[in-house]
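*Asks:* pasting the sequence and the predicted coordinates here, then a few questions.
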Amino acid sequence: MPLNIPNLLTWARILLIPLVVGVYYLPLPMAEQNFVATAAFLVAAITDWIDGWLARKLNQTSAFGEFLDPVADKLMVAAALVMLVELNRADAILAFIIIGREIAISALREWMAKIGASRSVAVSLIGKLKTIAQMTAIPLLLWDRPIGPIDIHVLGTWSLWIAAVLTLWSMVYYLRKAWPEISARSR
């Protein structure tokens, strides 16, 4: 495992997961718990962008980094969604759709890589839009307090529904791209 700045940022993102979840088990006022969880999630989301950019800019891409980066993303999103369900801020069905898709598409990508066809399930625009919707919804729902006249909970809930729709859409997109390989190998 190469120790470089992008990989260290990815590890830092993984280390933020217990903070996002654990702060809700500390004897702090809810407003402080929300602040800490939201800040940690936002830092993780920003480092996700920065580590990819740095890896390309500094020519420090690695097979390990390419493996660990999406794992860190999925762990962070899954942990935050489970916590939001626990806090009654997100519907369990939406969390299930998003987490289930992440597991299914990760497995599909792994299988496609094993058969040498990973290019057909490379990240698409719809996948990027799904990520943007998730990374908008989750901090809004973690914060869960109005900002002036803006009802953050409603905005976060709508963003999560949009993320779930984009999640399903992107899953169908990736499955359609992989279908020729799936059907050729199922005979």
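*Replies:* Received the coordinates, thanks. All of these numbers come straight from a predicted model, not from anything done at the bench.
*Asks:* the strands in the chain, which residues?
*Replies:* Here the chain has no strands by DSSP state E.
*Asks:* which strands or helices does whichever helix in it runs longest pack on?
*Replies:* Ordering each helix of the chain by length in residues (DSSP state H) puts helix 152-185 first. With contacts taken as 3 or more Cβ pairs under 8 Å, 6 or more residues apart in numbering; DSSP states H and E, helix 152-185 sits against helix 92-114, helix 125-143. Quick note: C-beta positions are derived from backbone N, CA and C, even for glycine.
*Asks:* okay, angle between that helix and helix 92-114 too, please.
*Replies:* 30 degrees (axes from the mean of the first three to the mean of the last three Cα atoms, to 10 degrees).
*Asks:* i'd like the first residue to be 855 from this point on
*Replies:* Yes, from this point I'll number from 855; that puts the last item at helix 1006-1039.
*Asks:* sorry, back to before: and the helices and strands packed on helix 1006-1039: which comes nearest residue 859?
*Replies:* Evaluated over these, closeness to residue 859 peaks at helix 979-997, with 21.4 Å, by Cβ to Cβ.
*Asks:* so which of the helices and strands packed on helix 1006-1039 gets nearest residue 896?
*Replies:* helix 979-997 (5.5 Å).
*Asks:* what comes up buried for the closest one?
*Replies:* 980-981, 984-985, 987-997 (16 or more other Cβ atoms under 10 Å).
*Asks:* about what we covered before: now tabulate the helices and strands packed on helix 1006-1039 in CSV and tack on mean pLDDT and distance to residue 1025.
*Replies:* Output for the helices and strands packed on helix 1006-1039, formatted as CSV (pLDDT from 0 to 100; distance: least, Cβ to Cβ, whole Å):
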stretch, mean pLDDT, distance to residue 1025
helix 946-968, 92, 5
helix 979-997, 94, 9
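*Asks:* return the closest of the buried residues of helix 979-997 with respect to residue 1014.
*Replies:* residue 991 (4.0 Å).
*Asks:* list the contacts of the nearest residue to residue 856 once chain neighbours are set aside.
*Replies:* Nearest residue to residue 856 in three dimensions, chain neighbours excluded: residue 916, at 4.8 Å (Cβ to Cβ, 6 or more residues apart in numbering). By Cβ atoms under 8 Å, 6 or more residues apart in numbering, the residues touching residue 916 are 855-856, 858, 861, 909.
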